[in-house]
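>>> Take this sequence and fold it.
(chains A and B)
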Amino acid sequence: MTTREHDASVYEQVQESSEFQELKRRFRAWTFPMTVAFLAWYLLYVVLSGWARGFMGIKLLGDINVGLVFGLLQFVSTFWIAWAYAKHAEKKLDPIADKLRHEVEEKAK
Amino acid sequence: MSSTTLGMILFLAFVAATLGITFWASRQTKTAADYYAGGRSFTGVQNGLAIGGDYMSAASFLGIAGIIALSGYDGFLYSIGFLVAWLVALLLVAELMRNSGKFTMADVLAFRMSPRPVRTAAGVSTIVVSIFYLLAQMVGAGALVGLLLGITGDAGKAWTIVGVGALMIVYVVFGGMKGTTWVQIVKAVLLMGGAALVTVLVLGKFGFNLSALLGQAAATSGPKANPGSFLIPGLKYGTDAQGLAGKIDLISLGLALVLGTAGLPHILIRFYTVPTAKDARKSVLWGIGIIGSFYLLTLVLGFGAAALVGKDAIVAGDKAGNTAAPMLAQAVGQEIFGPVGGTILLALIGAVAFATILAVVAGLTLASSSSFAHDLYAHVFKRGTATERQEVVVARVSALVIGGLSIGLGILAQGQNVAFLVALAFAVAASGNLPAILYSLFWKRFNTAGAVSAIYGGLVSALVLVIFSPVVSGSETALFKTADFAWFPLSNPGILSIPIGFLCGWLGTVLSKEYNAAKYAEIEVRSLTGVGAEQATPH
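Numbers count the residues shown, from 1 in each chain, chains lettered A, B, ... in the order given. Next up, the predicted model:
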């Protein structure tokens, strides 16, 4: 085991630092609204599947209808959100998180 | 050579290869971190494949293809919930859990709370969810293998379940997380390869014209009066005959699918097998890519079976449509390459399906035995005084016991309609585990009473609602057809039990004064920065 027991006060100091607060804000400001958005988008799809079957059945191209395209769009949005989150985390979160981690580990030595 | 003989040979090759891996892994497994978390030494890509392997169960491979083949669009609806769910895991759970936990889901909860009650609750919930899921897979195995490998009669099916169970026990007891993860990786590659091959052949038959495939599927297998309805929602879930309750049931199912994944114990422990939170992120990204592509393949497989095999032939093979994918493999192989091609493809897909069941049951056994040993034995019974060695021994013994138990239950439940157990496992995970995990990661005020209330509240409400629902009594497809004590109209409890779980967690918290600011500071800083996170074990 390589976990070291740190003095809890170190964590409280880090937690109060403006850098950590910025990391927390960037994390929550991106993931929380996005979670609400993709859940709403998914629920819209499920609700339309239950109550708007005429709309889902409108043919767009041959036998390909709105329902199929709507479903495929859920795949597209899922792939896109996953990719966008990875970019956001790499650019906006990882640098601060890495810096803070090094600082705390230095202090603990 | 018949397809059952060839299928048996391919399957035995898979068993031989995975037993070799297990033997190798057993020699590498020395510490608790090796046994529970594969030494945290898997790469993001490897763990991503293993996530796919753990998640793409027989229910999602054969089950979804079967639902699409028989009921058209509604099977697609099911797979979308399974996929979107991964965003909850990616955005809110995977990295933070990797940073703040050690071996089980309870590690994160127990971090800033009174450990014994919280670990007891989390351990109970983990074991209940895993055993439900396991039982559904075991019963499915008996039925499927009977069809795929030509084993008939109750005794033959019972022996199949014993065989599957014995292999699963060997993987878990000897291979631990390292062996089980490699089994998942091999299975994921085989499953993707097999499904992709059949998909390309099916699409090729229709000149890569999706519309032509859909049109023929609807004409061949759709309702005679209205073939077009095969391509829109409503033939299986929320049918017009079921009225409003059916449509609300559909929403309830959707909620449990999308919120349950990030609370499934066998999925959560996957995040501990990689060295850092960044690797956990990468593994979920790979997992999403693999699982999403796989469900796109099952869309073609399902409609392909509807078009080329036809509903009547599929129902004659299996009422629930579980053999649609293998039957399609045979039909398309035969049309393109002649009878030998059909035999080979059927054998291939049959062997892949068997490998799928085996890998998923191994993952579930590992999750439940880990939680028993690490949470209940080491921290609740022994109050943290057990040595690492004792803990691993108990984990192995409990894998044996849980494996034996599921073999016994699997044989007893043979022929019963237990498919609802998978949906129930998702509902319990979404109603009990997810609120507890999210509150402990994000809510400062959350405490012991809150965690315990969320888990038991969600677990009990989901169980009670299912016991009094039409899947257990009072309907033709119920577990007990002759009794009728169903007062809850929905088959899926999620729409009520998920809010109850969150509400119990909130209420339990505000009614208790306990609150530890220093510990919250620690988990918040650790979860977001990775300070003090468990490291990979050097070999």
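>>> Locate the residue of chain A with the greatest distance from its centre.
residue A:62 (36.3 Å; Cα atoms, centre = their mean).
>>> Next, find the distance separating it from residue A:71.
Taking Cβ to Cβ, to the nearest Å as the measure, residue A:62 falls 16 Å from residue A:71. Quick note: C-beta positions are derived from backbone N, CA and C, even for glycine.
>>> So which bits of the stretch 101-250 of chain B are right by chain A?
B:209-212, B:214-215, B:218, B:228-229, B:231-234, B:237-238, B:247, B:250 (Cβ under 8 Å from any Cβ of the partner chain).
>>> Only the buried subset of the residues you listed, as a ChimeraX command please.
Buried residues within those, by 16 or more other Cβ atoms under 10 Å in any protein chain shown, are selected in ChimeraX with:
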select /B:210,211,212,214,215,218,228,229,231,232,233,234,237,238,247,250
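>>> which ones are touching the closest residue to chain B within chain A?
Chain B sits closest to residue A:62 of chain A, with a gap of 3.1 Å, by Cβ to the nearest Cβ. Shown in contact with residue A:62 (Cβ atoms under 8 Å, 6 or more residues apart in numbering or on different chains): B:209, B:211, B:212, B:214, B:215.
>>> same thing with residue B:180?
B:171, B:172, B:359, B:362, B:363, B:366.
>>> Determine which residue lies closest to the centroid of chain A.
residue A:31 (3.9 Å).
>>> Confirm for me that that residue is in contact with residue A:85.
Yes. The criterion here is Cβ atoms under 8 Å, and residue A:31 meets it with residue A:85 at 7.3 Å.
>>> would you say residue B:475 is within a strand?
No. If the criterion is DSSP: H, G, I helix; E, B strand; the rest coil, then residue B:475 is coil and not within a strand.
>>> Can you tell me the SS state at the nearest residue to it once chain neighbours are set aside?
With sequence-adjacent residues excluded and distances taken as Cβ to Cβ, 6 or more residues apart in numbering or on different chains, residue B:475 is closest to residue B:486, at 7.3 Å. Under three-state DSSP, residue B:486 falls in the coil class.
>>> and residue B:486, how far is that from residue B:422?
Here the criterion is Cβ to Cβ. By it, residue B:486 lies 20 Å from residue B:422.
>>> by contact count, what packs against the helix or strand harbouring residue B:136?
Under the criterion of DSSP states H and E, residue B:136 resides in helix B:115-148. The contact analysis (3 or more Cβ pairs under 8 Å, 6 or more residues apart in numbering or on different chains; DSSP states H and E) places helix B:115-148 against helix B:58, helix B:105-110, helix B:153-205, helix B:265-268, helix B:339-371, helix B:388-412, helix B:420-428, helix B:448-467.
>>> Could you export these as TSV, including mean pLDDT?
Converted to TSV, the helices and strands packed on helix B:115-148 look like this (pLDDT from 0 to 100):
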stretch	mean pLDDT
helix B:58	78
helix B:105-110	90
helix B:153-205	91
helix B:265-268	94
helix B:339-371	89
helix B:388-412	91
helix B:420-428	87
helix B:448-467	96
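>>> What residue, apart from its backbone neighbours, is nearest residue B:216 spatially?
Nearest non-adjacent residue to residue B:216 (Cβ to Cβ, 6+ apart): residue B:307, at 4.1 Å.
>>> helix or strand right after the helix or strand the one you found falls within?
Per DSSP H and E, residue B:307 falls inside helix B:277-308. Next helix or strand after helix B:277-308 toward the C-terminus (DSSP H and E): helix B:311-317.
>>> Buried residues in that next one, which are they?
Per 16+ other Cβ under 10 Å, helix B:311-317 contains these buried residues: B:311, B:313, B:314, B:315.
>>> can you list contacts of the helix or strand that that helix is followed by?
Using DSSP H and E, the helix or strand that follows helix B:311-317 in sequence is helix B:324-337. By Cβ under 8 Å, 6+ apart, the surrounding residues in contact with helix B:324-337 are B:3, B:61-62, B:65-66, B:68-70, B:147-148, B:194-195, B:198, B:201-202, B:204-205, B:298, B:301-302, B:304-306, B:308-309, B:313-314, B:317-318, B:341-346, B:348-350, B:353.
>>> Now stretch B:173-183: buried residues?
B:173, B:174, B:175, B:176, B:177, B:178, B:179, B:180, B:181, B:182, B:183.
>>> Please point out which parts of stretch A:74-88 sit buried.
A:74, A:75, A:77, A:78, A:79, A:81, A:82, A:85, A:86, A:88.
>>> so what's the second one up against?
To tie it back to what came earlier, the one meant is residue A:75. B:80, B:83, B:292, B:295, B:296.
>>> What of the first one?
When the contact criterion is Cβ under 8 Å, 6+ apart, the partners of residue A:74 are A:41, A:42, A:45, B:80, B:83, B:84.
>>> now, which of those sits nearest residue B:162?
Of all the contacts of residue A:74, residue B:83 has the smallest distance to residue B:162: 34.2 Å, by Cβ to Cβ.
>>> For burial, what's the neighbour tally of the closest one?
24 (other Cβ atoms under 10 Å in any protein chain shown).
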